[in-house]
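In: Generate a structure from the sequence data that follows.
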Amino acid sequence: MGEEKAAAMAYLRVDAMYFQHPPLHAESLAQLAKAWDKLEMPERAATARKKLNDMYPNSKWTKQSS
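Out: Residues are numbered from 1 along each chain as shown. Prediction:
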């Protein structure tokens, strides 16, 4: 559980800091959604996936995260 929380926090930082770099941002959103799923936080996972779908509809990360 501790590793999942650390991963979620790391991906949140990437989401906040690297939103201007689309490939990293898309990957961080996809990984963040997975981390929220593992932490049993489906609402947060859904929010990350929605943001990913809205911002990067053609990204490979969007396709993998669906």
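In: Counting by contacts, list what the lowest-mean-pLDDT helix or strand in the chain packs against.
Out: Here the helix or strand of the chain ranked lowest by mean pLDDT, DSSP states H and E is helix 2-17, holding a mean of 80. Applying 3 or more CB pairs under 8 Å, 6 or more residues apart in numbering; DSSP states H and E, we find helix 2-17 packed against helix 22-38. C-beta here means a position set from N, CA and C on the backbone, and glycine is covered the same way.
In: Tell me the buried residues in the helix it packs on?
Out: Using 16 or more other CB atoms under 10 Å as the test for burial, helix 22-38 gives 25-37.
In: okay if I get these as TSV plus pLDDT and distance to Ala48?
Out: Converted to TSV, the buried residues of helix 22-38 look like this (pLDDT from 0 to 100; distance: CB to CB, whole Å):
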residue	pLDDT	distance to Ala48
His25	90	11
Ala26	93	11
Glu27	91	12
Ser28	88	9
Leu29	92	5
Ala30	93	8
Gln31	90	9
Leu32	89	5
Ala33	93	4
Lys34	91	9
Ala35	90	9
Trp36	92	6
Asp37	93	9
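In: Among the residues you listed, pick out the one closest to Lys51, please.
Out: Distance to Lys51, by CB to CB, is smallest for Leu29 among the buried residues of helix 22-38, at 5.7 Å.
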